[in-house]
Every structure is written in C-alpha cells, then in structure tokens.
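Peer 1: Predicted model, plus sequence, below.
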Amino acid sequence: MKTFTLGALVVALPVMVLAHGDVAPQPVDTAGLPAVGEEWLTENPYRAEAAGEEVWATAVKIGASGYNQNCARCHGLEVISGGLAPDLRFLEAEEYGDEWFVERFRTGYTQNGVTKMPAFGELLGQEAAWAIRTYIETRPDDDSMAEVADELGALRDEIHALAEGGEGGDAEALKAKLTEIGDGIETLSGAPKADSAASRAAALIDGSAEGYRHAAEALTIGLSAAH
C-alpha cells in the first residue's frame, strides 16, 4: 500500500496557490453524531473500531457533505487532488496524522500574509472536523479499486437491469457480493475500512427498483472517480 509521510505533506503545502480564504465556511449538520466535548481531541473518535459501525457510517456521510461544501474546491472531489493542494487521502489514519489534521483544521494556513486555508475550528466545531477526517481517511486506494473495476461494472449493469425491470433479483446475494468486494478494498491512509462504491451500493440495495437505481448510480459514480 502507498504511504505518505507528514513531512511530504508539509512540503506540499506551498503549492496551494488557489486560496479558499475568500470562501465563507459552510455549516455542517452533525446531528446523529456523539458529542465529543469542548476540549479538542488528538485522535479521531469516530473510527469504526472505537465507535462502532453505525457511528462510523454516520460520520462518513456527514463528513462527505462537510468536505464537499468546504474542502473540495481546493482538495478535489472525492479528495482526489488535482495537484494544487495536498492529496489528503495519503494522510495516515493514526494519531500523528489526526494531530496534524485537526491543528490545520482549527488554525488554517497562511503563506506570505495570504490565507490559503481559513481556520474552520471555531466556525464548524469538533464534531464536523472529525466527521470530515473520517470521510477523508476512508477514501479507497485507486489501485485497489482498479482491481475490482470490471467486477463492479458487471454488477452495476446487473443492478441497473433490475432497476429498469422494477424490482426482483436476489437482493441479499447482491448485497453480500458487494460487501465482500468492499471489504477487500484498501484505503490510501491505512484506515482498516474503505468507504467505496461497493460498500455504498450494498447499503442502498433493499430489493426495490429505487434502491437498485441508487445502487447503480453509486457504482457508476465510484467507477468514474476511480478513473
């Protein structure tokens, strides 16, 4: 698996030539997440092994929304950087990576008197910070996704056909297959669980035409992002 040290991340910071200090931070609705208190933590409290699968899934969902509203402009959709800002997918899912992330989130980043990244801490709060961190660290490894792309593409076509047909099919078998594939997809951060197109699609399948349609869309979007 690829690794990315904090030293490399710090070196990369000066290339953040597109400032988003001129964009007002957007509030993040953290309803559904456990409160973590006023004192800022140094380790992500929403990881599945610490908080459970349900809290983890909620954090990923809230973090995705918070990231897309506040971070994607510079750091890229799905946290895939275009080179103008650090690719945060490589920030290790360990306490030292958490410490760097939360410090930058709280205080922002200024270079030569120009705000490259605003201070989000006071405005968005700690729950939002850790939700965004959870979303970032669970981004799948591109190579790992590429290995299962053909299989996911075939499943997407099968699920799309079920959506067009209305409903039916073996929903539980499809969910189990997608879950199995998702469990094998690695993250770039070293986090033990990826939030991938496979896991997203599995969560959406409920045997209904609408569920199949949303699952097929999730796979289409995920496979497109991987390319």
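Peer 2: That came through, no problem. Numbers count the residues shown, from 1 in each chain.

Peer 1: since we're on residue 132, how many residues are nearby?
Peer 2: 29 (other CB atoms under 10 Å). Heads up, the C-betas are built off the backbone N, CA and C, glycines and all.

Peer 1: Residue numbering should commence at 718 henceforth.
Peer 2: Sounds good: first residue 718 from here, last item residue 849.

Peer 1: wait, doesn't it sit right on residue 780?
Peer 2: Yes - between residue 849 and residue 780 there is a contact under CB atoms under 8 Å: 4.5 Å.

Peer 1: got the contact list for the residue nearest to residue 851 when sequence neighbours are not counted?
Peer 2: Distances taken as CB to CB, 6 or more residues apart in numbering put residue 776 closest to residue 851, at 4.1 Å, once the chain neighbours are dropped. Taking CB atoms under 8 Å, 6 or more residues apart in numbering as the contact definition, residue 776 lies against 750, 763, 768, 847, 848, 851, 852.

Peer 1: Helix, strand, or coil at the last one?
Peer 2: Secondary structure assignment for residue 852 (DSSP: H, G, I helix; E, B strand; the rest coil): helix.

Peer 1: now it: how far from residue 754?
Peer 2: In this view, residue 852 and residue 754 are 21 Å apart by CB to CB, to the nearest Å.

Peer 1: what is the mean pLDDT for the helix or strand encompassing the residue nearest to residue 851?
Peer 2: Following DSSP states H and E, one finds residue 776 within helix 770-787. For helix 770-787, mean pLDDT is 96.
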